[in-house]
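Undergrad: here is a sequence with its predicted model. Questions after.
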Amino acid sequence: MVERIDGRVVAQLINQATKQRVEHLAQQGRTPGLAVLIVGENPASERYVRMKERQAQRLGIHSELYRFSATTTEAAIIKQINQLNENQKINAILVQAPLPGELRFDRIIATIAPRKDVDGFHPVNVGKLFLNLPGNYPVACTPLGIMTLLNHYRIPLAGKQVVVIGRSAIVGKPLLALLLNANASVSILHQQTINLRTYTKNADVVIVATGHSGTVTTADFKQGACVVDVGQNLDQDQHLIGDVAYDDELSQVGFLTPVPGGVGPMTIAMLMQQTVAMCEWEE
């Protein structure tokens, strides 16, 4: 029988520890500060930003929200980021993706000071992650949340065959680095991959992050596999579903992250945890 990997429970434990760290900083007269920039009116982005603001408030993290219209220029966004880079009340900066129009996400992210890049997308931080360098630097929150879930449920990675479906800069690529650093043998699959099942059927762990429902089914996995579903899709009834088409009767899966309630809560928990950590690193 499949065991559900409960992201809500793990995220709650992390948030409790984060709140204690915030209280400890408060005793020193310090408050972690998070600035979120959102451009346009994407409904999914609006939902995530509201969730981030509420969670920051619950944990005692200072949060500032900067809104820009969809017609805002890159120069205006970069000007705001440069001001936040110098703002001592802010130690974490996040630009909500996706960006509308022709705004270049990579150029805007590169403007954030690496020490304040809470999403871990700056080329400096990505390079440190892939080189597995020692020291403190932020890591992409969703991949970090996935690794935290796997660790909590004691899913072994060293020497295991791991398949990641999806090669985005937000999930797939930083996850590749984290998995390699954990001594897993990793295959990255994508739109040009021929016959996904030849890979997934032999994998101990499969992480699906394509943004398309039904990318794979539970019949595509081997007996006892651990499946992490990163998908956040809406079905025809506007219900949240993942990238994996799950069928209890056909499933041979050993572990599975549900959608909702799996990876999603972990992303925000990691964001808050990392915001606090970045404040602590400034000591």
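TA: Thanks, I have it.
Undergrad: got the contact list for Ile108?
TA: Ile108 makes contact with Glu74, Ile77, Ile78, Ile81, Val95, Leu99 under the criterion C-beta atoms under 8 Å, 6 or more residues apart in numbering. Quick note: C-beta positions are derived from backbone N, CA and C, even for glycine.
Undergrad: including distance to Glu41, secondary structure and pLDDT, could those go into a markdown table?
TA: Converted to a markdown table, the contacts of Ile108 look like this (distance: C-beta to C-beta, whole Å; DSSP: H, G, I helix; E, B strand; the rest coil; pLDDT from 0 to 100):
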| residue | distance to Glu41 | secondary structure | pLDDT |
| --- | --- | --- | --- |
| Glu74 | 18 | helix | 97 |
| Ile77 | 16 | helix | 98 |
| Ile78 | 21 | helix | 98 |
| Ile81 | 20 | helix | 98 |
| Val95 | 16 | strand | 97 |
| Leu99 | 12 | coil | 94 |
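Undergrad: and of the residues you listed, the nearest to Gly145?
TA: Taking C-beta to C-beta as the measure, Gly145 lies nearest Val95 of the contacts of Ile108, at 18.8 Å.
Undergrad: quick check: bridge partners of that closest one?
TA: With DSSP bridges as the criterion, Val95 is bridged to Leu37.
Undergrad: wait, which of the contacts of Ile108 is closest to Ile14?
TA: Using C-beta to C-beta, Val95 comes nearest to Ile14 of those, at 23.2 Å.
Undergrad: roughly how far apart are the closest one and Ala269?
TA: 20 Å (C-beta to C-beta, to the nearest Å).
Undergrad: do the same with Pro32
TA: Distance of Pro32 to Ala269, given as C-beta to C-beta: 14 Å.
Undergrad: give the buried subset of the contacts of Ile108 as a ChimeraX selection command.
TA: Restricted to buried positions by 16 or more other C-beta atoms under 10 Å, the ChimeraX selection for these reads:
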select :74,77,81,95,99
